[in-house]
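Engineer: the sequence isn't on hand, but the structure is:
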């Protein structure tokens, strides 16, 4: 699954706090700055890769969740004679459930994923590059299929014409625009970009705080492409970099210092993960968000309510969805490659839902599961290897997930779920145990505890309070072993 980062809940200041600078920084639809309460959520540390998209589409195809339209190419010579016909290719992939939409533009010239001879495949050398030519619907469909693979309840409903989302669900989805900007800022309020402002010129014009060693974006200050600083893939037609490339080991050549607005921290090679551990929140590819775009949305009182999901479709010109983060090339607001497009507060809205292109990708988001919320409360990191439900953090023989069900302490090997006492009375047995609210406790019996099968359920009860509980079961005359198993109430 995609690597995730936890974004803590709480309010943050959303919008452009530098609109007073000259030249004017940003656009009117980035104002006013407003406080937005956002619940805790998880977001992808990296943009979704070609490999992750191809693997999940293959799984969806195998399970009948997507459909494909076959296409073919006919090659001719100068005389117009057919020299070759290539078949077994597919140019359109769409969801098979609900209202169907195109998910990925597979036959786009520079798409880095193809379907041929029964399988989705990634172009050579591009597995860890951001997935491109994915529509807004395609990004959401991927999220649902990923939820299916991980056993999470879907957050996206395919039935409505333009689909709907439950942002409180545990399944994957696109981040809302508010979630995206909060994640982008990395816990640092009011910065121009997802990293600290320039140490000398930070409160000045935004261009002082960005350069091509920090992110993959086009910079008008260098004029032509040949004068521009270059990463190793800069000479390719699609100039994306592997996700997370700017990790402190990035190699940038042709770096001239003779530019306007050169900050004191210009050209320093640093790990560019932001304060939440996220990469490429500025540059590489633009990223889809859930919301419709509205030019005056920030002035609407609803924009400051908890967990806003954007304006209604009617408030958006041509039903445009928000994209964020800037990319390796420009699109939309500016034709010139201005680094302003990489700012935390910059909003793009030139992308209808069916649009797909080489500069557009996405990253996933979701709410914590009940287990993850509990794990965080008892001192586990549910995103760490030893903090996942299947792990046994304290080595007591009980998985973390089992301790969640039993409500025992996963960091204390002495805290295990067990029967506290048993007291036979005639043909009955009273079992005492510590029970947790919202759990179902089943007493099972067998005549031989060594057997792995043959256990019969004798009684079940649901606890709606937490504390010491007693339960009475019939005890058969023959030697019998009793055990109690706990599970979550439905």
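Structural biologist: Yep, it's here. Quick caveat, the model's predicted, so the values are computed rather than measured.
Engineer: dihedrals phi and psi, the spatially closest residue to residue 140 that is not a sequence neighbour?
Structural biologist: Distances taken as C-beta to C-beta, 6 or more residues apart in numbering put residue 156 closest to residue 140, at 4.8 Å, once the chain neighbours are dropped. Yep, even glycine has a C-beta here, placed from its N, CA and C like the rest. For residue 156, the backbone dihedrals (degrees, to the nearest 10) come out as phi -110, psi 130.
Engineer: show me the helices in this protein, by range?
Structural biologist: Taking DSSP state H as the criterion, the chain carries its helices at 50-62, 136-150, 177-185, 370-377, 400-406.
Engineer: helices and strands around the shortest one, which ones?
Structural biologist: With contacts defined as 3 or more C-beta pairs under 8 Å, 6 or more residues apart in numbering; DSSP states H and E, helix 400-406 has these neighbours: helix 370-377, strand 481-488.
Engineer: TSV please, covering these and showing distance to residue 194 and mean neighbour count.
Structural biologist: Shown next, in TSV, are these (distance: least, C-beta to C-beta, whole Å; neighbours: other C-beta atoms under 10 Å):
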stretch	distance to residue 194	mean neighbour count
helix 370-377	24	17
strand 481-488	38	16
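Engineer: which one of those has the lowest average pLDDT?
Structural biologist: In terms of mean pLDDT, the lowest-scoring of the helices and strands packed on helix 400-406 is strand 481-488 (a mean of 88).
Engineer: packing partners of that strand?
Structural biologist: Identification of packing neighbours for strand 481-488 by 3+ C-beta pairs under 8 Å, 6+ apart yields helix 400-406, strand 419-425, strand 428-435, strand 439-446.
Engineer: out of the ones you listed, deepest packed?
Structural biologist: Greatest average neighbour count among these goes to helix 400-406 (a mean of 22), per mean count of other C-beta atoms under 10 Å.
Engineer: highest mean neighbour count out of the helices of the chain?
Structural biologist: Each of the helices of the chain was scored by mean neighbour count; the highest is helix 177-185, a mean of 25, by mean count of other C-beta under 10 Å.
Engineer: just the mean pLDDT for it, thanks.
Structural biologist: For helix 177-185, the mean per-residue pLDDT is 98.
Engineer: same check, this time on stretch 40-59
Structural biologist: The average pLDDT within stretch 40-59 is 98.
Engineer: picking that back up, TSV for the helices of the chain, including distance to residue 318?
Structural biologist: Shown next, in TSV, are those (distance: least, C-beta to C-beta, whole Å):
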stretch	distance to residue 318
helix 50-62	26
helix 136-150	13
helix 177-185	17
helix 370-377	38
helix 400-406	46
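Engineer: re the thing from before, the residue nearest to residue 140 contacts residue 144, doesn't it?
Structural biologist: Yes - counting by C-beta atoms under 8 Å, residue 156 does reach residue 144; the two are 4.9 Å apart.
Engineer: common neighbours of these two, please.
Structural biologist: Common contact partners of residue 156 and residue 144 (C-beta atoms under 8 Å, 6 or more residues apart in numbering): residue 171.
Engineer: circling back to that earlier point, where's the residue nearest to residue 140 relative to residue 318, distance?
Structural biologist: Going from residue 156 to residue 318 by C-beta to C-beta, to the nearest Å gives 22 Å.
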